[in-house]
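*Asks:* With the sequence up front, the predicted model follows.
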Amino acid sequence: MSKNFPPSKNGSSSKLIAGTETHMIKLTALHNKKQIPTTRTSTNNTNTEATFTFKLGRTTGSDVSGDLSVNSSESSDPVESDYSEKSEDEKAQQVENTHVSANSHSISSVTTTSMNNETVDGEKDESHDADDITNTEDSDRSEQDDGNDTDDEETDNESGESSSNLTEKGGRKYHLDHFQIIKTVGTGTFGRVCLCRDKVSNKYCAMKILAMTEVIRLKQIEHVKNERNILREIRHPFTISLEWSTKDESNLYMIFDYVCGGELFTYLRNAGKFSSQTSNFYAAEIVSALDYLHSLQIIYRDLKPENLLINRDGHIKITDFGFAKKLRDRTWTLCGTPEYIAPEIIQSKGHNKAVDWWALGVLIYEMLVGYPPFYDEQPFGIYEKILSGKIEWERHMDPIAKDLIKKLLVNDRTKRLGNMKNGADDVKRHRWFKNLNWNDVYNKKLMPPILPDVHHDGDTTNFDDYSEMDWKPTIAIDQKDLKLFNDF
Ligand SMILES: Nc1ncnc2c1ncn2[C@@H]1O[C@H](COP(=O)(O)OP(=O)(O)OP(=O)(O)O)[C@@H](O)[C@H]1O
């Protein structure tokens, strides 16, 4: 099976997307036939026929059908846990410290080519009303400042700021022209992520630019609003930090801390597979982050090595909250990346945080083995394998890690570790994590197994090179469409 698994992220499967597009395979699905409907028009969907589309390439593509979440009062899901953390052994994990470059071909001298900032001209004031999905009373939210005068308990006055860059309350007042775009470090379905320099603080940051025309065309309006709203709400050592967001008449912009080590995906493909210790380190940081997100009723829904960035200090930052959702009960949106989606998503049963624990099982397997447990060249083949429940095991696999994976990759989500009455604590107490002190994990006290080869904060050598010639011309959307993004 490994023979057929493409090592490059463009070569395998992809995120799911419904409704449109060139370079996609169109498929017709019948509910309850081990196939996936993309649309759900009512909760009673027996034998509903739906057309859906998959984009090729595991990460070059993106997303999903429009968000079709439906609240249900007939949840059969297990009781939610209180997520209180339990300390275990005091022994911190000792892992081998190696300096590794994410790109096997990365160069050590770094030139950051300045580009004219043609796409980010002129800031528009924005409304910051959180939509009903993410409207919570999270005390951390004040630190996710967006520079809006009405919502600015926020950030320090960094060096060199003039008073015109301060809000009335003394917080940082952002403008798009504060950011100089340097280089593209990632591309997505409707935009790109660029390394930028904040000319006010003189710090590097990452700017995610989403073309609103594409967001509308791909019916992703609710998802990008979810992404922004959830990012404003969260603060955790292993999740990306949103510094500010805004829009103009063409694009949506999100400014993040720049994570210069590149994607875990690259390190994993270069290494082939990780040792049990290395996998354990990354899994622990992800468990810590998932536990936190779930405690806020947020499901992440896109766990995979491409979305795990490694910081200069070797610790994880989870990025791409494009599928994250604040959950009241269950949700029905078809989304994720084929190799990582849980059976209940395929079966359109409605899903909850259990899908993240399933994806963790897939991720741990992929780290230890080098390829995911369910793989086929076509998404349908992947789904059949997921639903069959059959997993091929390597002969010399760490038996304790295998036990955890088996308990995470349980088709019946009511019996899946992480989704039972003790919640994440069941995962944290598993024997594979027995040497960990979870407070040490949270406080980044474990020694990272990989230290990225980074020469300075704005180093981009751990990312692939992307052409800067294919920036699409900015198209201003009309006022009617702009209103769709009123609360972004
Ligand atoms: N804060 C960051 N620092 C450094 N690189 C980043 C950062 N955020 C994103 N990237 C890079 O950009 C890539 C694309 O980012 P992201 O997945 O958020 O975009 P997207 O448009 O949602 O992509 P997709 O369509 O694949 O979901 C990431 O895989 C990563 O390599």
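*Replies:* Cool, the structure landed.
*Asks:* shouldn't Pro373 be in contact with Gly389?
*Replies:* No: when contacts are counted by C-beta atoms under 8 Å, Pro373 is not listed as touching Gly389 (10.5 Å). For glycine as for every other residue, the C-beta is placed from the backbone atoms N, C-alpha and C.
*Asks:* so what sits against both of these two?
*Replies:* Leu409 (C-beta atoms under 8 Å, 6 or more residues apart in numbering).
*Asks:* okay, these two: which has more neighbours?
*Replies:* Pro373 (20 against 12; other C-beta atoms under 10 Å).
*Asks:* OK, contacts around that one?
*Replies:* Contacts of Pro373 (C-beta under 8 Å, 6+ apart): 361-362, 365-366, 385, 391-392, 405, 409.
*Asks:* same thing but 7 Å
*Replies:* The contact partners of Pro373, by C-beta atoms under 7 Å, 6 or more residues apart in numbering, come to 362, 365, 391, 409.
*Asks:* Take those residues and lay them out in a markdown table including secondary structure and distance to the ligand.
*Replies:* Listed next are the contacts of Pro373 as a markdown table, based on DSSP: H, G, I helix; E, B strand; the rest coil; distance: C-beta to the nearest ligand atom, whole Å:
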| residue | secondary structure | distance to the ligand |
| --- | --- | --- |
| Val362 | helix | 17 |
| Tyr365 | helix | 21 |
| Ile391 | coil | 26 |
| Leu409 | coil | 24 |
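*Asks:* Between all of these, which two are at the greatest distance?
*Replies:* Val362 and Ile391 (10.0 Å; C-beta to C-beta).
*Asks:* Of these two, which one has the most company?
*Replies:* Val362 (24 against 16).
*Asks:* From Ile364, how far off is the spatially closest residue to the more buried one that is not a sequence neighbour?
*Replies:* Spatial nearest neighbour of Val362, excluding adjacent residues (C-beta to C-beta, 6 or more residues apart in numbering): Tyr340 at 5.0 Å. Going from Tyr340 to Ile364 by C-beta to C-beta, to the nearest Å gives 12 Å.
*Asks:* sorry, back to before: report the contact partners of the residue nearest to Val362.
*Replies:* Counted by C-beta under 7 Å, 6+ apart, Tyr340 has contacts 303-304, 359, 362.
*Asks:* Inside helices: which ones of those residues?
*Replies:* 359, 362 (DSSP state H).
*Asks:* of the contacts of Tyr340, closest to His456?
*Replies:* Lys304 (28.5 Å).
*Asks:* Please tell me how far the residue nearest to Val362 sits from Ala289.
*Replies:* Going from Tyr340 to Ala289 by C-beta to C-beta gives 16 Å.
*Asks:* What count of nearby residues applies to the residue in the stretch 351-488 of the chain positioned nearest to the ligand?
*Replies:* Closest contact between the stretch 351-488 of the chain and the ligand, by C-beta to the nearest ligand atom, is at Phe463 (5.9 Å). Residues near Phe463, counting by other C-beta under 10 Å, number 23.
*Asks:* try Phe274
*Replies:* Neighbour count of Phe274, defined by other C-beta under 10 Å: 23.
*Asks:* A strand includes it, no?
*Replies:* No: applying DSSP: H, G, I helix; E, B strand; the rest coil, one finds Phe274 to be coil, outside a strand.
*Asks:* Thr213 sits in which helix or strand?
*Replies:* Element membership of Thr213, judged by DSSP states H and E, is helix 212-217.
*Asks:* So which elements touch that helix?
*Replies:* Contacts defined by 3 or more C-beta pairs under 7 Å, 6 or more residues apart in numbering; DSSP states H and E place helix 212-217 against strand 251-257.
*Asks:* List the neighbouring strands of the strand it packs on plus their orientation.
*Replies:* strand 203-211 (antiparallel), strand 242-247 (antiparallel) (DSSP bridges).
*Asks:* what about the residue nearest to Glu249 when sequence neighbours are not counted, how many neighbours?
*Replies:* Closest residue to Glu249 apart from its sequence neighbours, by C-beta to C-beta, 6+ apart: Ala476 at 4.1 Å. The tally of other residues near Ala476 (other C-beta under 10 Å) stands at 13.
*Asks:* quick one on the thing from earlier: kindly reformat the strands paired with strand 251-257 as TSV and extend each row with mean pLDDT, mean neighbour count and distance to the ligand.
*Replies:* TSV is the format used below for the strands paired with strand 251-257 (pLDDT from 0 to 100; neighbours: other C-beta atoms under 10 Å; distance: least, C-beta to the nearest ligand atom, whole Å):
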stretch	mean pLDDT	mean neighbour count	distance to the ligand
strand 203-211	96	22	3
strand 242-247	96	24	9
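*Asks:* got CSV for these, with distance to Cys194 too?
*Replies:* Shown next, in CSV, are the strands paired with strand 251-257 (distance: least, C-beta to C-beta, whole Å):
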stretch, distance to Cys194
strand 203-211, 5
strand 242-247, 14
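*Asks:* Could you look up the SS state of Gly458?
*Replies:* Assignment for Gly458 (three-state DSSP): coil.
*Asks:* Gly186 now?
*Replies:* Applying three-state DSSP: Gly186 is strand.
*Asks:* and it, how many neighbours?
*Replies:* Neighbour tally, Gly186, other C-beta under 10 Å: 21.
*Asks:* go on, the one 4 residues further on?
*Replies:* The local packing count at Phe190 equals 23, with neighbours defined by other C-beta under 10 Å.
*Asks:* How about the one 10 residues further on?
*Replies:* Neighbour count for Val200, taken as other C-beta under 10 Å: 19.
*Asks:* so what's it closest to, chain neighbours aside?
*Replies:* His178 is the one closest to Val200 (C-beta to C-beta, 6+ apart), at 5.0 Å.
*Asks:* Return the residues in contact with that neighbour.
*Replies:* 198-200.
*Asks:* quick one: low-confidence ranges for the stretch 201-350 of the chain?
*Replies:* By pLDDT under 70, the weakly predicted segments of the stretch 201-350 of the chain are 329-330.
*Asks:* show me where it has helices.
*Replies:* 212-217, 221-233, 264-271, 276-295, 343-346 (DSSP state H, counting those that start in this stretch).
*Asks:* name the helices or strands packed onto the shortest one?
*Replies:* Yep, that's helix 343-346 we're talking about. helix 379-388.
*Asks:* Now the helix it packs on: buried residues?
*Replies:* 379-380, 382-386 (16 or more other C-beta atoms under 10 Å).
*Asks:* burial count for the closest residue to Ala359 other than its chain neighbours?
*Replies:* Leaving aside its sequence neighbours, Ala359 sits nearest to Leu303 (C-beta to C-beta, 6+ apart; 3.9 Å). The number of residues packed near Leu303 is 26, by other C-beta under 10 Å.
*Asks:* hey, where'd the strands end up in the stretch 301-450 of the chain?
*Replies:* 308-310, 316-318, 325-326, 450-452 (DSSP state E, counting those that start in this stretch).
*Asks:* wait, which of the ones you listed is closest to Lys225?
*Replies:* Here strand 325-326 is closest among these (C-beta to C-beta), at 10.8 Å.
*Asks:* So what are the sheet partners of the closest one and their directions?
*Replies:* In its sheet, and by DSSP bridges, strand 325-326 pairs with strand 298-299 (antiparallel).
*Asks:* Could you tell me which residues make contact with Gly418?
*Replies:* Gly418 touches 354, 357, 408, 424, 426-427, counting by C-beta under 7 Å, 6+ apart.
*Asks:* can you list the residues of the stretch 151-300 of the chain near the ligand?
*Replies:* 185-186, 188-189, 191, 193, 206, 208, 240, 256-259, 263 (C-beta under 6 Å from any ligand atom).
*Asks:* could you dump those residues to TSV with distance to Thr333?
*Replies:* What follows is those, written out as TSV (distance: C-beta to C-beta, whole Å):
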residue	distance to Thr333
Val185	28
Gly186	23
Gly188	18
Thr189	16
Gly191	21
Val193	23
Ala206	26
Lys208	21
Ile240	22
Phe256	24
Asp257	28
Tyr258	30
Val259	27
Glu263	25
